[in-house]
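A structural model of the following input is requested.
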Amino acid sequence: MSDEEVKPPIPEENWGYDLYPERRGGRYKAPVSKILLGEGRENIDRLKCESRVWSCIQKSPLVKLMMSALKSSGCEIDISRHISCETCAPSVSGGYDPERNQVVVCQNMATSEGIVQSVLTHEFIHMFDYCNNHLDFKNLEHLACTEVRAANLTHCSFISAMFQGDASPIKIAKAHQDCVKTRAAHSIVAVRQISEEEARKIVDKVFDKCYGDLEPIGRRIRRNSLDMQKAYMERFVYGYD
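Reported below is the predicted structural model:
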């Protein structure tokens, strides 16, 4: 290989690690204004976060389903090992660290069980893709695929407009796909130093294949519905205990 072909290593911050300073032995420095408002109490935030994580693990159908799927894939969750409450940059609410095979719940953003449930489910999908589908998250196409799957399965609910007027199922399906593409692109931009235009091109390239992959939840979860309970009850179809 010639000298011209040798590429320097990509700095760690380009992988998004700077958003999770405690990942590499650092510490998030809260602005003085937030400290004065009582938002610099990391230990209290961590206890609240851990309590909400435990509650979701006990009660959330989606979180229990994802943990079952991970266990069946040979990646059983050890709560103390694989889930960590940490203070993060305010632009993110959670993350998945494939190098440590660990889900991060951002304790400064985990203000409700609903948020924690969303973070755990989203990041467990990334863990499932890393463990079961062997995706390499330093490959932007692989990263785009897992972000499409996470947005598709849990975040972008179908619009109820078909019951409220002249909206057609085709328009609803397109709106859902557009939501998934936007969320996936934004997630990539948040953790990689690329433009939104570049992120959208990568998302478009992998979209059709990754959008159609509903494993392990088996359905797109709609808000204010029984989809979470149904997905959990149907887990045996996929061979999950």
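
how much space is there between residue 81 and residue 103?
10 Å (Cβ to Cβ, to the nearest Å). All C-beta spots, glycine's among them, are computed from the backbone N, C-alpha and C.

the more surrounded of those two?
A count of neighbours by other Cβ atoms under 10 Å puts residue 103 above the other of residue 81 and residue 103, at 22 against 10.

if I pick that one, what's in contact with it?
82-84, 94-97, 119-120, 123-124, 127 (Cβ atoms under 8 Å, 6 or more residues apart in numbering).

contact partners of stretch 51-71?
76-77, 79, 83, 85, 105, 110, 112-113, 116-117, 120-121, 124-125, 127-128, 131-132, 154, 215-217, 221, 228-229, 231-232, 235, 238, 240-241.

Just the buried subset of the residues you listed, please.
77, 83, 85, 105, 110, 116-117, 120-121, 124-125, 127-128, 131-132, 154, 216-217, 221, 228, 231-232, 235, 238, 240 (16 or more other Cβ atoms under 10 Å).

Among the residues you listed, which ones are in strands?
Of the positions in the buried ones among the contacts of stretch 51-71, 83, 85, 105 sit in strands, assigned by DSSP state E.

As JSON lines, these with distance to residue 187 and pLDDT would be great.
Listed next are these as JSON lines, based on distance: Cβ to Cβ, whole Å; pLDDT from 0 to 100:
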{"residue": "83", "distance to residue 187": "20", "pLDDT": "95"}
{"residue": "85", "distance to residue 187": "20", "pLDDT": "93"}
{"residue": "105", "distance to residue 187": "16", "pLDDT": "94"}
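
can you map out the strands along this protein?
Using DSSP E, strands in the chain cover 83-86, 94-97, 102-106.

Show me the shaky parts of this protein.
1-41, 157-172, 223-225 (pLDDT under 70).

same thing but 50
1-10, 12-13, 28, 30-37, 159-167 (pLDDT under 50).

quick one, what contacts the residue nearest to residue 94 when sequence neighbours are not counted?
Nearest non-adjacent residue to residue 94, counting by Cβ to Cβ, 6 or more residues apart in numbering: residue 119, 3.5 Å away. If you count contacts by Cβ under 8 Å, 6+ apart, residue 119 has them with 93-94, 103, 105-106, 110.

Would you format the residues you listed as JSON lines with distance to residue 180 included?
Below are those laid out as JSON lines (distance: Cβ to Cβ, whole Å):
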{"residue": "93", "distance to residue 180": "18"}
{"residue": "94", "distance to residue 180": "18"}
{"residue": "103", "distance to residue 180": "21"}
{"residue": "105", "distance to residue 180": "23"}
{"residue": "106", "distance to residue 180": "23"}
{"residue": "110", "distance to residue 180": "24"}
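
Show me which of those residues is closest to residue 72.
For the contacts of residue 119, the minimum distance to residue 72 (Cβ to Cβ) is 17.8 Å, reached by residue 103.

What residue spans form the domains of the chain?
The chain breaks down by automatic domain parsing into domains covering 15-134, 135-222.

measure the last one end to end?
Taking Cα to Cα, to the nearest Å, domain 135-222 runs 26 Å from one end to the other.

how close does the residue nearest to residue 229 when sequence neighbours are not counted get to residue 127?
Nearest-residue entry for residue 229: residue 61, 5.2 Å, with adjacent residues in sequence omitted and distances by Cβ to Cβ, 6+ apart. Distance of residue 61 to residue 127, given as Cβ to Cβ: 18 Å.
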